[in-house]
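**Q** 3D model of this:
(4 chains, ligands or ions: 4)
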Amino acid sequence: MLRIRRAEETIAGMSESGEARCPCHLSIGQEAIPAGVCAALNPGDTVWSGHRSHGHYLARGGSLEGLFAEVLGKTTGCSGGRGGSMHLIAPEQGILGTVPIVAGTIPLAAGAALAYKLRGEQRVAVAFFGDGALEEGSVHETLNLAALYKLPLVFICENNLYSSHLHWSERRVADNLHQAGAFHSVRGERVDGNQVEDVYDAARQAVARARSGDGPSFLECRTFRWRGHVGASSDQDVGVQRRGELAQWLERDPIRRAEERLAMNLAVYSAEIDQEIGRALAAARSGRVPDAQRLAEHVCAR
Amino acid sequence: MLRIRRAEETIAGMSESGEARCPCHLSIGQEAIPAGVCAALNPGDTVWSGHRSHGHYLARGGSLEGLFAEVLGKTTGCSGGRGGSMHLIAPEQGILGTVPIVAGTIPLAAGAALAYKLRGEQRVAVAFFGDGALEEGSVHETLNLAALYKLPLVFICENNLYSSHLHWSERRVADNLHQAGAFHSVRGERVDGNQVEDVYDAARQAVARARSGDGPSFLECRTFRWRGHVGASSDQDVGVQRRGELAQWLERDPIRRAEERLAMNLAVYSAEIDQEIGRALAAARSGRVPDAQRLAEHVCAR
Amino acid sequence: MRTLTYVEAIREAHGQLLAADPRVFLVGQGLWSPWYAGGSLENLDREFGRERVLDTPISENAVTGMAVGAALAGMRPIVFHPRLDFLLLAMDPVINQAANWSYLFAGQASVPVVIRAVMNRGGEQGAQHSQALHAMFMHVPGLKTVMPATPADAKGLLLAAVEDPNPVLYIDDRWLYSQTGPVPEETYRTPIGEAAIRRTGRDVTIVGISWMAAQALKAAEMLAAEDIDAEVIDLRSLKPWDQARVLESARKTGRVIIADPGWRTAGASAEIAATVAAEAFHDLHAPVERVTLPDTPAPTSRAEEQAYYPRPEAIVEAAWKTLGRRVGAAA
Amino acid sequence: MRTLTYVEAIREAHGQLLAADPRVFLVGQGLWSPWYAGGSLENLDREFGRERVLDTPISENAVTGMAVGAALAGMRPIVFHPRLDFLLLAMDPVINQAANWSYLFAGQASVPVVIRAVMNRGGEQGAQHSQALHAMFMHVPGLKTVMPATPADAKGLLLAAVEDPNPVLYIDDRWLYSQTGPVPEETYRTPIGEAAIRRTGRDVTIVGISWMAAQALKAAEMLAAEDIDAEVIDLRSLKPWDQARVLESARKTGRVIIADPGWRTAGASAEIAATVAAEAFHDLHAPVERVTLPDTPAPTSRAEEQAYYPRPEAIVEAAWKTLGRRVGAAA
Ligand SMILES: Cc1ncc(C[n+]2csc(CCOP(=O)(O)OP(=O)(O)O)c2C)c(N)n1
Ligand SMILES: Cc1ncc(C[n+]2csc(CCOP(=O)(O)OP(=O)(O)O)c2C)c(N)n1
Ligand SMILES: [Mg+2]
Ligand SMILES: [Mg+2]
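**A** Numbers count the residues shown, from 1 in each chain, chains lettered A, B, ... in the order given. Ligands and ions are numbered 1, 2, ... in the order given. As a prediction, this is how the structure comes out:
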């Protein structure tokens, strides 16, 4: 968590200074979810995500240098400098892709789960997405397919109460996202997304069910993003009026809460993490920028 | 109901003989739903439907000649001979359109409902669709929008247990379509779709709620189609094995049940209806077929 | 006349439409956001109320379908998509439904909906947030498509689109938002289907679409410095497009370049090039040139982005080619 | 060699793929129906099991996305759409996702999915059940599109498509299902991107796509009776398309007709015509002719349908035009 936090603070700085030019969506404040979920996964499992995916990438073992270099558009980036912050991949780590079309990777994750099932492998696919993604019809289609085919799939909804500038109450009637799969017989649960053990416990059970052939589960993890929708600034800074919840959510900092439970100061890792980040950033900075000649490459695979 | 039954039997004959060439989806056995729902509507209300829509068109007051002529591809058809059986319209009767893209008109019906709401009119829009339509994500999107904006919209799901050759259990886990709107806070109810008073009662309440500003409702009307998915033949005839439910559903003939309740023989109307059908069919047959010259007309309105 | 930016002109057109016609309403994503629509809808919700300026959930299909249905029920909706890419989730209501409706029912109903979608690219946003998909819609009968390149047309085409009884796709380009130009205060219509000659010339015709019409004008300046007299046509409407005006110019100059912000293969440039090549067959002195995106998705990194998006220089080179000069052999 | 019908060839290719490669599976609508897929998938579910031949709910978006995801996880899925019209509900997985994927991640992953969609029209089905949308997909980088016109290619292109590491849209036409022709029993690949010369000739080149390639052959017979010697090219692949072969023929005959089953404006015919007109500029004796659908949605009634779908006679007339003969003035 601390590593994600620091890495994203670094990206925030790069974004503010103009060093990073691609749109960056920070998950600062939401780190317990990627950390808790990915801790529950086995090596062969795969994760899929959307626009706000630095945390998933790092928690699942993506390299820091690969992330920084990608954000800087270097050929050494995890996506070869073709994706920027919103498109991350690390096949070896089981990060099969994050892309910004809202809900776009949810059916894809179901496809991976179907592949595992057809091949008789004990692997699980995880789809991370925001509360806004439930407004796309494709998610409901996927929930039905996942239940019908008993896919080894775990839906992780990071409900940070907002989709861009809109509060959930401006987008739906009830605050009941954990029931998203009920109509389709997908088991749902609500957890405190800022409590890493709770996330881990729920994820572990969901993953175990998926792995043992009991089909999909849906976890609503309640959380809050501290920064604005995109970039380093707060919502306030860009003119979005939220409802004053930020102060109260700062109190629920997942990192501080973990420290309290563990009765230790995670700051002891700070120096180490900061060094790692420093090295990764330096390496990323020294990466090569793509030259224009490669523009036509990789449109098709050979 | 009897009028719909006889009209569709007539169309079945036209289809079998090759006189009608367009694909015809018959709702024989399901007549209580259009009859019951449309009886609950006021003149200004509008209906929208899909591929299996003869019943909706007739119950809402569409002319028999217009239907037959449309099925025959005549310029006197209700759609000017441009739609055939799957595309019916009668704006004066409030039939704003039926088209075969599954679920295609559900968002459109919501749009009509939004128009009524914005204009402060006390009108209601009704979307008719099959059980298969709930597999399209757009329906779930529409359910949310309808609840959020409290649209004067009634969702009528004609659950005939099959989508083409597939039984519901091959397409989803639970037999719970009346709960389709629950996640989005749309009130849902299940009714016996072969009992016309039940359909009428439920529709009347749903329409009243919509009209009074209480928002949308969802009715699952359980029923069964007697013929095959398309055309006059039975499923058996075209090689689709159903589960032997037909015999049991023939027992639940909505027309015979209405007769029992009313303690009268609807056949007293038969002669009259058959005469009307005979006249309409003769008129439809004498209609003009379009000539090829009009091919380029009406691509755009002027 | 007043000078406005392109984005101010769009904003003004929306405001005037909402003020003048109770049937007009806006629906789509980002309408209540201070920044989402790039200022093009700023404060319209406060001015006209959130009922008529309706920010929605992320449900492109149903929201667009709702606009289509409202149009069929007598309204004049403008449904807003902050990116063309998102329209790919609403192809059913746009193409299967709206575009076919009038034809299907032999003109008994039509769909006066405006689908506004923004071309929003560059800035290292990458392949899913940069697509210029106008050619796909140009292909579809029953749908009109307009792509204003100036502030005056940004306003005039929106007003015309809302008045049109047919579905009209209105595509504005974020890169043009700060462009300035004279814009009448009153309401007026830029006729759909009519191109504008932005510069008359004798040597070569450049047909520009949207952002590329602006680049064409810059290219014409550069060519003028080399004594090449270019005629620049701003197409403005993609469907229907102004064949008469383009062909007249093609016959006059005998040399034609199409500058299109989209991909090359089976794009808008292909249709115009094919038509010019056939209809002005005996008048052309050189093959029609097409300046387009290469047939690749959008990259992110700056170097690749710079190579990806064609600049005025590419149009200048194409002009040289039509004139039989060697590329790079400047006067 | 054996003779098979086009539909038998498709069925056989599916069976051989399923038998040979455990990564292959079929998913989509109508796979367990005795009639839905027109016999092209008959009994495959019984032969290979309903796990690998998976009939689905009506969820075009998620089902197609699932196939894309399975491909990314190492499978070789064929996702089936009984009509091209339904693909409009799956544009996000096909275009935003599959087509962009390889590029987005600089080749670290690619999407070996086959999207099979049937051109299924006529029979008074009307505007929403008749659309020939191939040109939209031809426009998209990262996606290949093939359209077999013969039984042999129906098999060979499916086998090649499944083997290709990229997303391939495979479009078969119901009107061709009863067409017969020699089909090898063993497996083989029709190379994607390679056109076939179906008839050599000196006077005029007819480039036909799918069903229209078959019509082109009929037209060539009719022309032969008038001593006009037509060369007929069956394009087979729409993207990439075989420019070299088409241009060679165009340069030889100097007269070119494109016969395309789709709409005219911004269609496949536009791309081919524009390219031929530019690349064979000095060799053409007459403007390139395009024989296409008119720019209208599909009607239903028989008289209008007959006028809507172009017949060999339309190609013959186009040939006369390129030869400078008056239309109707038969020899
Ligand atoms: C299909 C699509 N529609 C709209 C958008 C624009 N968009 C990007 S992020 C976002 C909000 C997503 O909210 P949520 O899913 O809650 O995720 P969060 O940003 O809160 O993490 C929107 C509307 C998009 N990227 N894709
Ligand atoms: C978008 C779309 N996908 C698939 C189809 C093909 N199709 C036509 S009717 C039908 C079955 C619909 O079943 P249901 O909604 O239950 O209606 P029913 O036929 O039972 O009345 C299907 C799959 C279609 N018309 N549109
Ligand atoms: Mg959110
Ligand atoms: Mg049904």
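
**Q** burial measure for C:Ala303, as a count.
**A** When neighbours are counted by other Cβ atoms under 10 Å in any protein chain shown, C:Ala303 registers 17. Where you see a C-beta, it was placed from the backbone N, CA and C, and this is true even at glycine.

**Q** any chance you could map the strands in chain C?
**A** Here chain C has its strands, by DSSP state E, at C:3-5, C:24-28, C:53-55, C:76-81, C:114-119, C:144-146, C:168-173, C:180-182, C:196-199, C:204-208, C:230-234, C:237-239, C:256-263, C:289-293.

**Q** To clarify, my last question referred to the stretch 1-150 of chain A.
**A** Listed in chain order, the strands of the stretch 1-150 of chain A (DSSP state E, counting those that start in this stretch) span A:46-49, A:88-90, A:95-98, A:125-130.

**Q** For chain B, which of the ones you listed is the nearest?
**A** strand A:125-130 (14.2 Å; Cβ to the nearest Cβ).

**Q** Mind giving me the packing neighbours of that closest one?
**A** Other elements packing on strand A:125-130 under the criterion 3 or more Cβ pairs under 8 Å, 6 or more residues apart in numbering or on different chains; DSSP states H and E are helix A:32-39, strand A:46-49, helix A:105-119, strand A:153-159.

**Q** Columns mean pLDDT, mean neighbour count and distance to D:Glu313 on top of the strands of chain C, output as a markdown table?
**A** What follows is those, written out as a markdown table (pLDDT from 0 to 100; neighbours: other Cβ atoms under 10 Å in any protein chain shown; distance: least, Cβ to Cβ, whole Å):
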| stretch | mean pLDDT | mean neighbour count | distance to D:Glu313 |
| --- | --- | --- | --- |
| strand C:3-5 | 98 | 17 | 55 |
| strand C:24-28 | 98 | 23 | 47 |
| strand C:53-55 | 98 | 24 | 52 |
| strand C:76-81 | 98 | 27 | 43 |
| strand C:114-119 | 98 | 25 | 38 |
| strand C:144-146 | 98 | 26 | 32 |
| strand C:168-173 | 98 | 26 | 35 |
| strand C:180-182 | 98 | 14 | 51 |
| strand C:196-199 | 98 | 17 | 40 |
| strand C:204-208 | 98 | 31 | 34 |
| strand C:230-234 | 98 | 27 | 37 |
| strand C:237-239 | 98 | 26 | 29 |
| strand C:256-263 | 98 | 28 | 33 |
| strand C:289-293 | 98 | 24 | 33 |
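
**Q** Find me whatever residue is spatially closest to A:Ile156, sequence neighbours aside.
**A** Leaving aside its chain neighbours, A:Ile156 sits nearest to A:Phe128 (4.9 Å; criterion: Cβ to Cβ, 6 or more residues apart in numbering or on different chains).

**Q** dump the residue contacts of the one you found.
**A** By Cβ atoms under 8 Å, 6 or more residues apart in numbering or on different chains, the residues touching A:Phe128 are A:33-34, A:37, A:47-50, A:53, A:56, A:156, A:158.

**Q** Repeat that for C:Ala149.
**A** Counted by Cβ under 8 Å, 6+ apart, C:Ala149 has contacts C:173, C:176, C:208-211, C:213-214, C:234, C:236.

**Q** So which residues on the stretch 1-150 of chain C come close to chain D?
**A** Contact residues, the stretch 1-150 of chain C versus chain D (Cβ under 8 Å from any Cβ of the partner chain): C:61, C:85, C:88-89, C:91-92, C:95-96, C:99-100, C:103-104, C:126-128, C:131, C:135-136, C:138-142.

**Q** cutoff 6 Å now
**A** Residues of the stretch 1-150 of chain C found near chain D (Cβ under 6 Å from any Cβ of the partner chain) are C:88-89, C:91-92, C:95-96, C:100, C:103-104, C:127-128, C:135-136, C:138-139, C:141-142.

**Q** same question, the stretch 201-302 of chain A
**A** Neighbours of chain D within the stretch 201-302 of chain A, by Cβ under 6 Å from any Cβ: A:298-301.

**Q** Report the buried members of the residues you listed.
**A** Among those, those classed as buried by 16 or more other Cβ atoms under 10 Å in any protein chain shown are A:298-301.

**Q** tell me, how many neighbours does the nearest residue to A:Arg285 once chain neighbours are set aside end up with?
**A** Using Cβ to Cβ, 6+ apart and skipping the chain neighbours, the partner closest in space to A:Arg285 is A:Leu72 (6.9 Å). A:Leu72: 25 surrounding residues under other Cβ under 10 Å.

**Q** Look up how far C:Ala298 lies from A:Leu72.
**A** 18 Å (Cβ to Cβ, to the nearest Å).

**Q** cool, and C:Leu26?
**A** Using Cβ to Cβ, C:Leu26 is found at 28 Å from C:Ala298.

**Q** Now do the same contact list for whichever residue of the stretch 151-300 of chain C sits closest to chain A.
**A** The stretch 151-300 of chain C approaches chain A most closely through C:Thr300 (4.2 Å), counting by Cβ to the nearest Cβ. C:Thr300 makes contacts with A:22, A:73, A:82, A:84, C:124, C:126, as judged by Cβ atoms under 6 Å, 6 or more residues apart in numbering or on different chains.

**Q** And it, how far from A:Gly84?
**A** Counting by Cβ to Cβ - C:Thr300 and A:Gly84 are separated by 4 Å.

**Q** shared neighbours of those two, anything?
**A** Counting by Cβ under 6 Å, 6+ apart, the residues touching both C:Thr300 and A:Gly84 are A:22, C:124, C:126.

**Q** Just give the closest residue to C:Pro184, not the sequence neighbours.
**A** Computed as Cβ to Cβ, 6+ apart, the closest residue to C:Pro184 that is not its neighbour in sequence is C:Met1, at 6.2 Å.

**Q** Number of residues surrounding that neighbour?
**A** If we define neighbours as other Cβ under 10 Å, then C:Met1 has 9 of them.

**Q** what does A:Ala247 give?
**A** 7.

**Q** And C:Glu186, by the same measure?
**A** Counted with other Cβ under 10 Å, C:Glu186 comes out at 5.

**Q** Does C:Asp203 touch C:Ile228 like I think?
**A** Yes: at 5.1 Å, C:Asp203 and C:Ile228 qualify as touching, with contact defined as Cβ atoms under 6 Å.
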